[in-house]
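K.L.:
generate a structure from the sequence data that follows.
(chains A and B)
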Protein chains: 2
Amino acid sequence: MAPRWKWKGAEPKALAEPISQTISELRSSLIQSKASGFLSSCNILLAVEPERAELLDHGCFGRPIVSADKEKRWFQLSLEEAFFLFYNLKCIKISIQDRFLENETEVWRIMESKKPNFPIYYKAYSHLRSKNWIVRSGLQYGVDFVAYRHHPSLVHSEYAVLVQSGDGDGNGGNFRLRVWSDIHSAVRLCGSVAKTLLVLYVSGDGKGEDLSSCLENYTVEEQTITRWSPEQSRENETSNQNRAMQEQ
Amino acid sequence: MAPRWKWKGAEPKALAEPISQTISELRSSLIQSKASGFLSSCNILLAVEPERAELLDHGCFGRPIVSADKEKRWFQLSLEEAFFLFYNLKCIKISIQDRFLENETEVWRIMESKKPNFPIYYKAYSHLRSKNWIVRSGLQYGVDFVAYRHHPSLVHSEYAVLVQSGDGDGNGGNFRLRVWSDIHSAVRLCGSVAKTLLVLYVSGDGKGEDLSSCLENYTVEEQTITRWSPEQSRENETSNQNRAMQEQ
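P.N.:
Below is the predicted model of the structure:
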């Protein structure tokens, strides 16, 4: 399925401003400002100056929170988003109860204690982010994430992402796609909102000496599931072209 | 959600021909013709005379099969449909490899061997059929059944039905609605096709001295799941009426 750009000039605009560049600018700016977020329930709250708020929005990290604070703008980051900024981009710090956490493994463990399937979800999130996809919550489509080729103001999301853990233990979010009715439901829903269902199978035990080898221990297998329509596939290209010409 | 009739005169037509009456006519006619179906893979094939084919269509049992047979018309019945005609309505016989099965329990066991979750699905199917709902496969919506108030030529299906077994052992079709993403997916899909998600929780061990007590041993609990929209619920009825009047 081709990307669905939201307006006529959106594609050239996207090509002129690659996501990698936006992320790089955001990273430098956050490092410079010594940005730091703190854990609040299952989120990380981060306050930044207006120009950095704009960069966070360009990179699609977190959701802005309305507050009375005039000098700072507040963002609510998911655990995956915050850990990506903290660990992959190394551009924010994270504190818990006014104590900064320097140790990456400690942050990892705390996040895992808040959300048991955090390691699997983080691996999936960072896998897509590392390929410069914009990744947002898939809540409204009944999936784990949605993935955009570029900023959501320019393009509709292309993939509805379900994260499955390879060990099949069914912890947390992995009770999906076990039966045909669920697969039919997911594929039908994705079709009706013009997305492709992307299943990320994360496997491995996530064990290792340090966090880096622990994360490398996980592997991600990508599968897309789409409907196969016999009507669209039974004729060869020539006769399809003929028909298309007749219909014009 | 109100029933969505397919055309203007559909509702009075439906009222004039209640489903219970159609089923009763079908039953008498099939008994009279000594109709019998035979097991073929996971279906029952049934051949009937044209006038009975029309009654089967009115009652929405099975799907017609194209065949060269000019005097008989062939129908493919699901196991649930066939067992309902055989056991609840007692209007067809069932044979396997040219041998008629008189014993109800034997038919039950054979169907269970073909489809392990047959008892749960049959309980759900017959529960709805006994209340004069028309029940068809929910395959294309990623659910187990869809339920119609009357014949599908008159009205759109109102309920998308998921069958869950109360013991939570996850056998067969019960790996649904375990996680939020699946519930969101099912509710969103139902919303987009204007159906209400109806979950039938079938519980009990299905044990008993005979088939009748075994079926009575199962209980069916009905739950509908719908989206709650804060915007639609926050104002009282008076102001909603005012707004409706302003919009006219």
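
K.L.:
any stretches of chain A with poor pLDDT?
P.N.:
Judged against pLDDT under 70, the low-scoring parts of chain A cover residues A:166-174, A:234-248.

K.L.:
past the longest helix seen in it, which element shows up next along the chain?
P.N.:
Counting residues, the longest helix found in chain A (DSSP state H) is helix A:19-33. Once the chain leaves helix A:19-33, the next helix or strand it forms, by DSSP states H and E, is strand A:36-40.

K.L.:
still on that earlier bit, and the longest helix of chain A, what other elements does it pack with?
P.N.:
For helix A:19-33, the elements it packs on are helix A:50-59, judged by 3 or more Cβ pairs under 8 Å, 6 or more residues apart in numbering or on different chains; DSSP states H and E. Yep, even glycine has a C-beta here, placed from its N, CA and C like the rest.

K.L.:
buried sites along the helix it packs on?
P.N.:
The neighbour-count check on helix A:50-59 (16 or more other Cβ atoms under 10 Å in any protein chain shown) flags A:Arg52, A:Ala53, A:Leu55, A:Leu56, A:Asp57, A:His58, A:Gly59 as buried.

K.L.:
ok, residues contacting it?
P.N.:
A:19, A:22-23, A:25-26, A:29-30, A:33, A:35, A:46, A:48, A:62, A:64, A:73, A:75, A:134, A:151 (Cβ atoms under 8 Å, 6 or more residues apart in numbering or on different chains).

K.L.:
what sits up against whichever helix or strand comes after it?
P.N.:
Note on helix A:50-59: by DSSP H and E, the next helix or strand toward the C-terminus is strand A:63-65. Under the contact criterion Cβ under 8 Å, 6+ apart, strand A:63-65 has outside partners A:Leu45, A:Ala53, A:Asp57, A:Arg73, A:Trp74, A:Phe75, A:Gln76.

K.L.:
adding secondary structure, write these out as a markdown table.
P.N.:
Shown next, in a markdown table, are the contacts of strand A:63-65 (DSSP: H, G, I helix; E, B strand; the rest coil):
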| residue | secondary structure |
| --- | --- |
| A:Leu45 | strand |
| A:Ala53 | helix |
| A:Asp57 | helix |
| A:Arg73 | strand |
| A:Trp74 | strand |
| A:Phe75 | strand |
| A:Gln76 | strand |
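
K.L.:
now, which of the residues you listed sits nearest A:Met1?
P.N.:
Distance to A:Met1 across these (Cβ to Cβ) is lowest for A:Asp57, with 26.4 Å.

K.L.:
how close does the closest one sit to B:Asn132?
P.N.:
55 Å (Cβ to Cβ, to the nearest Å).

K.L.:
return a selection command, for use in PyMOL, containing the buried ones of the contacts of helix A:50-59.
P.N.:
To isolate the buried members of the contacts of helix A:50-59 in PyMOL, using 16+ other Cβ under 10 Å:
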select buried, chain A and resi 19+22+23+26+29+30+35+46+48+62+73+75+134+151
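
K.L.:
returning to what we had before: report the two of the contacts of strand A:63-65 separated the most.
P.N.:
A:Leu45 and A:Asp57 (16.1 Å).

K.L.:
what helix or strand is A:His184 on?
P.N.:
With DSSP H and E as the test, A:His184 turns up in helix A:180-192.

K.L.:
get me the contact residues on chain A for chain B.
P.N.:
Neighbours of chain B within chain A, by Cβ under 8 Å from any Cβ of the partner chain: A:138-144, A:162, A:170, A:172-176, A:178-179, A:181-189, A:192.

K.L.:
can you select the buried ones from those in ChimeraX?
P.N.:
Applying 16+ other Cβ under 10 Å to these leaves a buried subset, and the ChimeraX line that selects it is:
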select /A:138,141,142,143,144,162,170,173,174,175,176,178,179,181,182,183,184,185,186,187,188,189
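
K.L.:
count the residues that sit near A:Val199.
P.N.:
Neighbours of A:Val199 under the rule other Cβ atoms under 10 Å in any protein chain shown: 22.

K.L.:
list the contacts for it?
P.N.:
So A:Val199 contacts A:Val161, A:Leu162, A:Gln164, A:Leu177, A:Glu222, A:Gln223, A:Thr224, A:Ile225 (Cβ under 8 Å, 6+ apart).

K.L.:
correct me if wrong, but it is in a strand.
P.N.:
Yes: counting by three-state DSSP, A:Val199 is found in a strand.

K.L.:
for it, give the beta-bridge partners.
P.N.:
Note on A:Val199: beta-bridge partners A:Leu162, A:Gln223, judged by DSSP bridges.

K.L.:
need the strands for chain A, in chain order.
P.N.:
A:36-40, A:43-48, A:63-65, A:73-78, A:93-96, A:99-100, A:134-137, A:145-148, A:159-165, A:196-203, A:219-225 (DSSP state E).

K.L.:
turn the ones you listed into CSV, columns for distance to A:Ala14.
P.N.:
Formatted as CSV, the strands of chain A follow (distance: least, Cβ to Cβ, whole Å):
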stretch, distance to A:Ala14
strand A:36-40, 28
strand A:43-48, 24
strand A:63-65, 22
strand A:73-78, 23
strand A:93-96, 31
strand A:99-100, 37
strand A:134-137, 11
strand A:145-148, 10
strand A:159-165, 16
strand A:196-203, 19
strand A:219-225, 22
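
K.L.:
and the ones you listed, which is most packed in?
P.N.:
Mean neighbour count (mean count of other Cβ atoms under 10 Å in any protein chain shown) peaks for strand A:159-165 among the strands of chain A, with a mean of 26.

K.L.:
for the nearest residue to A:Glu80 once chain neighbours are set aside, what are its contacts?
P.N.:
Nearest residue to A:Glu80, sequence neighbours excluded (Cβ to Cβ, 6 or more residues apart in numbering or on different chains): A:Tyr125, at 4.0 Å. Counting by Cβ under 8 Å, 6+ apart, A:Tyr125 touches A:Glu80, A:Glu81, A:Phe84, A:Val135, A:Phe145.

K.L.:
the fourth one and A:Leu198, how far apart?
P.N.:
Meaning A:Val135. Separation of A:Val135 from A:Leu198 (Cβ to Cβ) stands at 11 Å.

K.L.:
where do the contact lists of these two overlap?
P.N.:
Taking Cβ under 8 Å, 6+ apart as the contact criterion, the common neighbours of A:Val135 and A:Leu198 are A:Ala147, A:Val161.

K.L.:
nice, that's everything, thank you.
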